[in-house]
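Engineer: with the input below, show me the fold.
(2 chains)
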Amino acid sequence: MGTVATYGMRKAFGEVQALDGVDLEVPDGAFFVVLGPSGAGKTTTLRAIAGLERLDAGSVHLDGRDVTGETPGARDLAMVFQNYALYPRHTVFENIASPLRVRRDPAGEIAAAVDEVARLLHIERLLERRPAQLSGGEMQRVALARALVRRPHAFLMDEPLTNLDLKLRVEMRTELSRIHRRLGRTFVYVTNDQVEAMSMADQVAVLKDGKVRQVGTSAEVYERPVDRWVASFVGSPRISLLACHVDDDRLVGSQGWSLPRPRGTTAEPGRPLLLGLRAEDVSVERRGEATVEGEVFGLEPLGDHTLVDVKVGTETLTVKARPTVAGRPGERLSVTVDLDRAHLFDAGTGLALSGAGR
Amino acid sequence: MAGIEITSLHMRYPDGTVAVEEVDLSVRDGELFVMLGPSGCGKTTTLRAVAGLERQTSGTIRIGDTPVDDLPPGERDIAMVFQFYALYPHLKARDNVAFPLRAEGLPEAEVRRRVEDAARMLQLGPLMGRRPQRLSGGEQQRVALARALVRRPRAFLMDEPLTNLDAEQRTDMRAEIKHLQRELGATMVYVTHDQVEAMSLGHRIAILNKGRVEQVGTPMEVYDRPASLFCAAFIGSPPMNLVDVEVADGALRGPGGIALPVPSGLPDGRPLVAGVRPEALEVTAPGTDGAVRGRVASVEALGDETIYVVECEGEHDVRVRMPPTARFAADAPVGVRHVGGPPPVYDRDTERLVA
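Structural biologist: Below is the predicted model of the structure:
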């Protein structure tokens, strides 16, 4: 078993409330990602779980056992940081073996455990090298191997891929998913990179200002964000938000546009709302009934698709289009909106309106 | 504004380190030109040579019609924006922007007019009275941009100006810089290691590697036909699948025997690598016509798309871009097939594009 739970975790550093009541329930064997911008409290959350941070209030539970008062060593968790912190004078083998040596495991068992984990991470041929002879990606694998070799209760990872270049990061993402499935152990993984979070997580907890805003699968937080903030943080390009209100059976934009009211919208007339549109749910190529007029502000070719920024009055609507899309800045055009996939938020509270959108 | 000509630039430091092997670049007047490459590729050194902050070992640089090799930075009439904003902390934003003009001794009325113009362009209005520590990173970078702008230089040189901003501010500033460049018709040389930034900003991109230019082209040119394996691995997220291929019975065969369309002009008897974009592959039910067998190694659900990593026979991973509606589970047996036109093909030894 390897469940991790936190209840009402609070922690202040001086005037900064780093954790403001963090509740998390990580199921056994989950790849659980804590996602948030810098300063959200992600690392503090992880350190509190590890026992490296003393809480002002709240508790940490491993397999239902309250470990809040226990030392890091007693919690049997392995931590992987963005800085590899390998011993420079030791070989890769010795680096990986070090947690087992501390535990005074028999030499034969140590060798077998190191070999096994080295095979899992494809670093068998590096075992005799020293850290200075390794690339960044290899060092990260060794750091990971050192964490894995102990077979702890759960793994805590603090942005371990941050210092790698893009290509390696993409590869290591796949590698981590694979390792996770093979080990079947609980991973709690902290990152500010929403692509990383979405691509690996069984469940994502979105954190902001020391509070959990939403927990769900990648698809849930992307398709049913609980508020405008989660909607903006998750997804690239960022969701476009247009100010509007309901008027009878229409949705009327502050910039003069008017769309049929999305099905099931319950907002009272005149209440200030935000229409949230993902770039793939609007089109300058498809034709449809629901359209918004605007002018091209800029094109961003990204290879497999091109983003078209459309100015609608003073607001901007980002549209995902085919790579071959044409359009000159200043050109007028009409954007077709898929209202079944639109989001509506209360402009004041930022909360998603129930019944709207998907 | 003016174009920039860099001819046979070579840069060797006294300790023997070669920062720039050989760089020839021609930046057009009014162009947003991006130099893209990993750290250590020579892009920043090249930019600093243009600015006059480094003296090249050999080669020449012209800005407009003027050879500038012997001119100090101050006389090259260019403005540089760095990743660190380098604002004066004790001066308000307005005075930071005005600083270079006052240093030049421009009349105060002219200073004020130019500062107001720049503030309007970058929508700095209410921020102009604040000191840097009361501005966010994005705001500080906009002030730094305004300060570069007011001098009305012949060209702007930008060294990873967005690196220290968070993702949201970065996207905003990217649009801002692009817009500004168009408004001013400015010549801009922009250095970055971020391929998304390069693709979305640049009229043309130069990809640098180990002090040499690997390719110059429009974003779509470098995306569709990377000139070398290095460029192929550097552009696109996730990048191209670079797969060993063999020509057999008039077909190109990739990992697990997957069939790829054959480009014309394939050389004979060379070891070849094909560059297959993730969107040129498709995950299918196992046993589908034309598909090879594989197993899903990981599913990366990104919201607007899903990236499948499929392990084909022989432990080859390929990455496949699919719409979010595709539903294949991790570890599921699947098929993979190629869709669309012939992929670019590279010589495995020379690493250059051959077909």
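Engineer: helices and strands of chain B: which one bottoms out on pLDDT?
Structural biologist: Within chain B, no helix or strand scores below helix B:167-184, which has a mean of 84 by mean pLDDT, DSSP states H and E.
Engineer: in that one, what counts as buried?
Structural biologist: For helix B:167-184, burial by neighbour count (16 or more other Cβ atoms under 10 Å in any protein chain shown) applies to B:169-181. (C-beta placed from N, C-alpha, C; glycine too.)
Engineer: A:T191: which of these is nearest?
Structural biologist: B:R170 (16.5 Å; Cβ to Cβ).
Engineer: ok, which stretches of the stretch 151-300 of chain A are helices?
Structural biologist: A:166-183, A:194-200, A:218-223, A:228-233 (DSSP state H, counting those that start in this stretch).
Engineer: okay if I get those as a markdown table plus mean neighbour count, distance to B:R327 and mean pLDDT?
Structural biologist: Listed next are the helices of the stretch 151-300 of chain A as a markdown table, based on neighbours: other Cβ atoms under 10 Å in any protein chain shown; distance: least, Cβ to Cβ, whole Å; pLDDT from 0 to 100:
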| stretch | mean neighbour count | distance to B:R327 | mean pLDDT |
| --- | --- | --- | --- |
| helix A:166-183 | 19 | 17 | 87 |
| helix A:194-200 | 24 | 16 | 92 |
| helix A:218-223 | 21 | 11 | 94 |
| helix A:228-233 | 22 | 24 | 95 |
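Engineer: roughly how far does B:L302 sit from B:P324?
Structural biologist: 8 Å (Cβ to Cβ, to the nearest Å).
Engineer: same question, B:H338
Structural biologist: For B:H338, the distance to B:P324 - Cβ to Cβ - is 21 Å.
Engineer: kindly report the same for B:R154.
Structural biologist: Distance from B:R154 to B:P324, counting by Cβ to Cβ: 47 Å.
Engineer: the two: who's more crowded?
Structural biologist: Neighbour count, other Cβ atoms under 10 Å in any protein chain shown: between B:R154 and B:P324, B:R154 has more, with 19 against 16.
Engineer: check which residues of stretch A:47-59 are buried.
Structural biologist: Neighbour-count burial for stretch A:47-59 flags A:47-53, A:55, A:58 (criterion: 16+ other Cβ under 10 Å).
Engineer: just the ones of these in strands?
Structural biologist: Counting by DSSP state E, the part of those found in strands is A:G58.
Engineer: of the buried residues of stretch A:47-59, closest to chain B?
Structural biologist: Nearest to chain B among these: A:R47, at 21.5 Å, using Cβ to the nearest Cβ.
Engineer: so who does the closest one touch?
Structural biologist: Counting by Cβ atoms under 8 Å, 6 or more residues apart in numbering or on different chains, A:R47 touches A:E53.
Engineer: what's the local residue count around residue 247?
Structural biologist: Since you didn't name a chain, this refers to chain A. Under the criterion other Cβ under 10 Å, the count of neighbours that A:D247 has is 12.
Engineer: not what I meant, chain B
Structural biologist: Neighbours of B:V247 (other Cβ under 10 Å): 16.
Engineer: is the strand or helix carrying it anywhere near chain A?
Structural biologist: Secondary structure assignment for B:V247, by DSSP states H and E: strand B:241-248. No: figure legend: strand B:241-248 not in contact with chain A (Cβ under 8 Å from any Cβ of the partner chain); closest approach 10.3 Å.
Engineer: check the offset of that strand from the chain's centre.
Structural biologist: 27 Å (Cα atoms, centre = their mean, to the nearest Å).
Engineer: report all helices and strands that it contacts.
Structural biologist: Packing contacts for strand B:241-248, counted by 3 or more Cβ pairs under 8 Å, 6 or more residues apart in numbering or on different chains; DSSP states H and E, involve helix B:229-234, strand B:251-253, strand B:272-276, strand B:316-322.
Engineer: that strand pairs with which strands, and in what direction?
Structural biologist: Strand B:241-248 has its sheet partners listed here by DSSP bridges as strand B:251-253 (antiparallel), strand B:272-276 (antiparallel).
Engineer: could you give the mean pLDDT of the very next helix or strand once past the shortest one?
Structural biologist: Secondary structure here is assigned by DSSP H and E; on that basis, the next helix or strand after strand B:251-253 toward the C-terminus is strand B:259-260. For strand B:259-260, the mean per-residue pLDDT is 92.
Engineer: what's the answer for stretch B:198-207, then?
Structural biologist: So the average pLDDT for stretch B:198-207 ends up being 96.
Engineer: picking that back up, next, the angle from the helix or strand that the least confident helix or strand of chain B is followed by to helix B:167-184.
Structural biologist: Per DSSP H and E, the first helix or strand lying C-terminal to helix B:167-184 is strand B:188-192. Put simply, strand B:188-192 runs at 160 degrees to helix B:167-184, going by axes from the mean of the first three to the mean of the last three Cα atoms, to 10 degrees.
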